[in-house]
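**Q** just need the structure, nothing else, for what follows:
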Amino acid sequence: MKIKAPLVAKKAQPGQFIILRIDEKGERIPLTIADSNPEKGTVTIIFLEVGKTTKQLGTLNVGDSLQNFAGPLGMPSEVKKFGTVVCVGGGVGIAPLYPIVKALKEAGNYVISILGAKTKDLLLLEKEIQDFSDEFYIATDDGSKGQKGFVSDVLQKVIDKQKVDMVMAIGPIIMMKVVSNLTKQYNIKTLVSLNPIMVDGTGMCGGCRVSIDGKTKFACVDGPEFDGHTVDYDTLMLRNRRFIHAEGEACKLAGVS
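**A** As a prediction, this is how the structure comes out:
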């Protein structure tokens, strides 16, 4: 969706996110900014319809409005000339990867992009990301496009054939964990973008706390990007599952399935 939000578009940087609310009774959900156009005053968001709010969001039409659209929030991505950078995106994590790939390429890096999804129908922004990539690879779980397997399999092949200075990974928690474990073996700087459950997005509620190198951090103000080798992924996965039952009940009450 392209959202008309001139003030947000004017300030948005790669890696930042917004929090939206559809109506007065709606919950607040964080979505990473997939793209922004300051001249047109628009911010692009990409979402997967999995819960009450994203399914309701999918029912909106051109010209409809949102109750709130707050941002940009979080710290922007670390963009500089690292050298050879591998950008790994999985599922809807491909969406926030796009502006980062673009920014890293414009900063003079040699950019290798690896996109992964369960099937080819769930791949996003292939052409857009490929346009800013020196090398481009795809992996699908079912083998419907690119290499059959996982993004970590492709990353291993890349590491085996050339020196990699930095890896940026965004996607499911388990994907980021596997990628981080792999790059740790080679002492490759790795950044991951965490999207835990958030409420206010300004560091006040503590709902998005994550454990980084044994210390508590708030993803909304300290992140969302962190050193992938220091994240407690197991705790993060447990915390992200704590409202699954409530989410199911909310869908029932809202009449969405």
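
**Q** break this structure into its domains for me.
**A** Split into domains by automatic domain parsing, the chain comes to 2-73, 76-190, 194-240.

**Q** tell me the contacts of residue 175?
**A** Applying C-beta atoms under 8 Å, 6 or more residues apart in numbering, we find residue 175 in contact with 88, 90, 91, 93, 116, 150, 151, 152, 169. To be clear about C-beta, it is placed using only N, CA and C from the backbone, and glycine gets the same treatment.

**Q** now the second one. Nearest residue, chain neighbours left out?
**A** In this case it means residue 90. Spatial nearest neighbour of residue 90, excluding adjacent residues (C-beta to C-beta, 6 or more residues apart in numbering): residue 171 at 2.6 Å.

**Q** tell me the average confidence for the helix or strand hosting residue 89?
**A** Assigned by DSSP states H and E, residue 89 belongs to strand 84-90. Strand 84-90 shows a mean pLDDT of 97.

**Q** cool, stretch 165-180 as well?
**A** 95.

**Q** could you do stretch 7-15 as well?
**A** 94.

**Q** what does that stretch contact?
**A** 18, 32-33, 36-38, 40-43, 69-72, 74-77, 79, 96, 99-100, 102-103, 193, 224-225.

**Q** equivalent analysis for stretch 22-30, please.
**A** 17-21, 52-54, 56-57, 60, 66-68, 73, 195, 198-201, 220, 250.

**Q** how far does it sit from the chain's center?
**A** 20 Å (C-alpha atoms, centre = their mean, to the nearest Å).

**Q** and the average pLDDT for that stretch is what?
**A** Stretch 22-30 comes out at a mean pLDDT of 90.

**Q** in what helix or strand does the most far-flung residue of the chain relative to its centre lie?
**A** Distance to the chain centre peaks in the chain at residue 253, reaching 28.7 Å (criterion: C-alpha atoms, centre = their mean). Using DSSP H and E, residue 253 sits in helix 244-254.

**Q** from start to finish, how long is stretch 70-80 in a straight line?
**A** 27 Å (C-alpha to C-alpha, to the nearest Å).

**Q** roughly how far is that stretch from the heart of the chain?
**A** 12 Å.

**Q** list the buried ones in it?
**A** Of the residues in stretch 70-80, 70, 71, 72, 73, 74, 75, 76, 77, 78, 79 count as buried by neighbour count, 16 or more other C-beta atoms under 10 Å.

**Q** look at the second one and give its secondary structure.
**A** Just to be clear, that refers to residue 71. strand (DSSP: H, G, I helix; E, B strand; the rest coil).

**Q** which non-adjacent residue is nearest it?
**A** In space, residue 71 is closest to residue 18, 3.4 Å off (C-beta to C-beta, 6+ apart).

**Q** about what we covered before: tell me what the strand holding residue 89 is packed against?
**A** Applying 3 or more C-beta pairs under 8 Å, 6 or more residues apart in numbering; DSSP states H and E, we find strand 84-90 packed against helix 94-106, strand 110-117, helix 151-161, strand 166-170, helix 173-185.

**Q** so what touches the helix or strand harbouring residue 234?
**A** According to DSSP H and E, residue 234 maps onto helix 233-240. Contacts to helix 233-240, defined as C-beta under 8 Å, 6+ apart, come from residues 173, 174, 176, 177, 180, 194, 196, 197, 209, 210, 211.

**Q** and stretch 75-84, by the same measure?
**A** 13-16, 100, 103-104, 107-110, 112, 162-166, 168, 189, 191, 221-225.

**Q** mind checking which of those are buried?
**A** 13-16, 100, 103-104, 109-110, 112, 164, 166, 168, 189, 191, 222-225.
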